[in-house]
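A.B. asks: Starting from these lines, generate the structure:
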Amino acid sequence: MPEYGSMSYNDYDGPHADLRELIERIDRSGQLLRLGGVDPHLELGTLIELIAHRSGEGGPAVLFDDLVG
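C.D. replies: Residues are numbered from 1 along each chain as shown. Predicted coordinates for the structure are as follows:
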């Protein structure tokens, strides 16, 4: 697993305008893990468990792009 940035997505001077801005802030801070082509019925839960187990508390935010099906 890559190391995630020390900057927090919340280290900004104002509230998040919307969900897109929040995702962008998390991404810029280096704390966003994007995964694509995941089957929500067969793989999604297992991947979340693996990432949580390897990263522990304070691990990355996970964004699943282009789910299969």
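A.B. asks: residues contacting L63?
C.D. replies: Going by Cβ atoms under 8 Å, 6 or more residues apart in numbering, L63 touches I23, L32, L33, R34, L35. (Each C-beta comes from the backbone N, C-alpha and C, glycine too.)
A.B. asks: Once you drop chain neighbours, what's closest to the second one?
C.D. replies: Taking Cβ to Cβ, 6 or more residues apart in numbering, and ignoring the residues beside it in sequence, L32 has I26 as its nearest neighbour in space, at 4.5 Å.
A.B. asks: how near is the one you found to L42?
C.D. replies: Counting by Cβ to Cβ, to the nearest Å, the separation of I26 from L42 is 26 Å.
A.B. asks: Could you do P15 as well?
C.D. replies: Relative to L42, and taking Cβ to Cβ, P15 is found at 37 Å.
A.B. asks: hey, C-alpha coordinates of stretch 29-47 in PDB?
C.D. replies: Taking C-alpha atoms only, stretch 29-47 is exported to PDB below (Å, rounded to 0.1, in the frame of the first residue of the first chain):
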ATOM      1  CA  SER A  29      -4.100  15.500   0.100                       C
ATOM      2  CA  GLY A  30      -3.000  12.100  -1.100                       C
ATOM      3  CA  GLN A  31      -5.600  10.300   0.900                       C
ATOM      4  CA  LEU A  32      -7.800   9.000  -1.900                       C
ATOM      5  CA  LEU A  33      -7.500   5.500  -3.400                       C
ATOM      6  CA  ARG A  34      -9.400   5.200  -6.700                       C
ATOM      7  CA  LEU A  35     -10.400   1.700  -7.900                       C
ATOM      8  CA  GLY A  36     -12.100   0.900 -11.200                       C
ATOM      9  CA  GLY A  37     -13.700  -2.100 -12.800                       C
ATOM     10  CA  VAL A  38     -14.800  -3.600  -9.500                       C
ATOM     11  CA  ASP A  39     -17.700  -6.000  -9.400                       C
ATOM     12  CA  PRO A  40     -19.900  -4.800  -6.500                       C
ATOM     13  CA  HIS A  41     -21.400  -8.300  -5.900                       C
ATOM     14  CA  LEU A  42     -18.100 -10.300  -5.900                       C
ATOM     15  CA  GLU A  43     -15.200  -8.000  -5.100                       C
ATOM     16  CA  LEU A  44     -16.200  -4.700  -3.400                       C
ATOM     17  CA  GLY A  45     -16.600  -6.000   0.100                       C
ATOM     18  CA  THR A  46     -13.500  -8.000   0.000                       C
ATOM     19  CA  LEU A  47     -11.400  -5.000  -1.300                       C
END
